[in-house]
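**Q** following is a predicted model, sequence given first.
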Amino acid sequence: MSNDIVDPGEGHSPAAWTAVITMLVFFAIGTAAFVLAIEWLVWASAVGIFVGWGLGFLLAKLGYGVNGPKFTPKPHHY
């Protein structure tokens, strides 16, 4: 058995962080808008969630994803 821990690297890239943070912000805004019954803002936030997903996809294609040339992984200390 080896003591080496292999990190798959999922979610540790600028593309992933940008996508997740963007979608969380829009989700929070949409939740508040739902509670306050602001229907247009609920739908705008739903669209914003897809914008966040697309932003993460675009950044990954531009090389900021886990296996992209513009991303250098940082060592994890366990």
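**A** It's in.

**Q** rest of the way, CA atoms for contacts and neighbours
**A** Fine.

**Q** all strands for this structure, in order.
**A** Assigned by DSSP state E, the chain shows no strands.

**Q** pLDDT weak spots in it?
**A** Counting by pLDDT under 70, the chain has low-confidence residues at 1-11, 75-78.

**Q** 80 - rerun?
**A** The model of the chain has pLDDT under 80 over residues 1-12, 67, 70-78.

**Q** which ones are touching Y64?
**A** Going by CA atoms under 8 Å, 6 or more residues apart in numbering, Y64 touches S13, P14, A15, K70, F71.

**Q** report the separation between it and V51.
**A** Distance, Y64 to V51, by CA to CA, to the nearest Å: 17 Å.

**Q** returning to that earlier point: any chance of the contacts of Y64 in TSV with distance to L59 and neighbour count as columns?
**A** Formatted as TSV, the contacts of Y64 follow (distance: CA to CA, whole Å; neighbours: other CA atoms under 10 Å):
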residue	distance to L59	neighbour count
S13	10	23
P14	8	18
A15	5	24
K70	10	14
F71	11	16
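
**Q** of those, closest to F27?
**A** Minimum distance to F27 across those is 18.2 Å, recorded for A15 (CA to CA).

**Q** hmm, A15 is touching G65, no?
**A** Yes - using CA atoms under 8 Å, A15 is in contact with G65, at 5.3 Å.

**Q** which neighbours do these two have in common?
**A** Common neighbours of A15 and G65 (CA under 8 Å, 6+ apart) are L59.

**Q** G56: neighbouring residues, count only.
**A** 24 (other CA atoms under 10 Å).

**Q** residues in contact with it?
**A** A15, A16, W17, T18, A19, V20.

**Q** please determine how far the third one is located from L55.
**A** This means W17. Taken as CA to CA, the span from W17 to L55 is 10 Å.

**Q** between the two, which one's more packed in?
**A** The neighbour comparison of W17 against L55 (other CA under 10 Å) goes to L55, with 19 against 14.

**Q** leaving out chain neighbours, which residue sits closest to the more buried one?
**A** Nearest residue to L55, sequence neighbours excluded (CA to CA, 6 or more residues apart in numbering): A19, at 6.1 Å.
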